[in-house]
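Student: No letters, just coordinates:
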């Protein structure tokens, strides 16, 4: 039974690591995460002011980060406030440290 749990944990961890790595596979997404970490939270429009990209492009990058679980959005009509998902950010850091360590 322990062996089966190890296989499940391994599979879940490698899938999570791949999901996080894919989301971090674009320089703009890394820059967005760095910005969110420094600001704690911000709105899409704030990011459009920071990065020389169209709002639709910024929104697509935010969607990828959100789908990976690295950020979370809170609806504040008519805007969405984004911040780092601290729980998943901690998991991602740990998985990357184990992978590279």
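Tutor: Noted; the coordinates are in hand. Since the structure is predicted, the reported quantities are computational estimates derived from the model, not experimental observations.

Student: Output the below-cut-off pLDDT ranges for the protein.
Tutor: 1-8 (pLDDT under 70).

Student: need the strands for it, in chain order.
Tutor: 41-43, 71-76, 79-84 (DSSP state E).

Student: angle of the second one against strand 79-84?
Tutor: With axes from the mean of the first three to the mean of the last three C-alpha atoms, to 10 degrees as the basis, strand 71-76 and strand 79-84 are set at 150 degrees to each other.

Student: which strands and helices sit next to strand 71-76?
Tutor: Under the contact definition 3 or more C-beta pairs under 8 Å, 6 or more residues apart in numbering; DSSP states H and E, strand 71-76 sits against helix 27-39, helix 55-67, strand 79-84. Yep, even glycine has a C-beta here, placed from its N, CA and C like the rest.

Student: Any chance of these in CSV with mean neighbour count and distance to residue 17 as columns?
Tutor: Shown next, in CSV, are these (neighbours: other C-beta atoms under 10 Å; distance: least, C-beta to C-beta, whole Å):
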stretch, mean neighbour count, distance to residue 17
helix 27-39, 15, 16
helix 55-67, 16, 15
strand 79-84, 17, 18
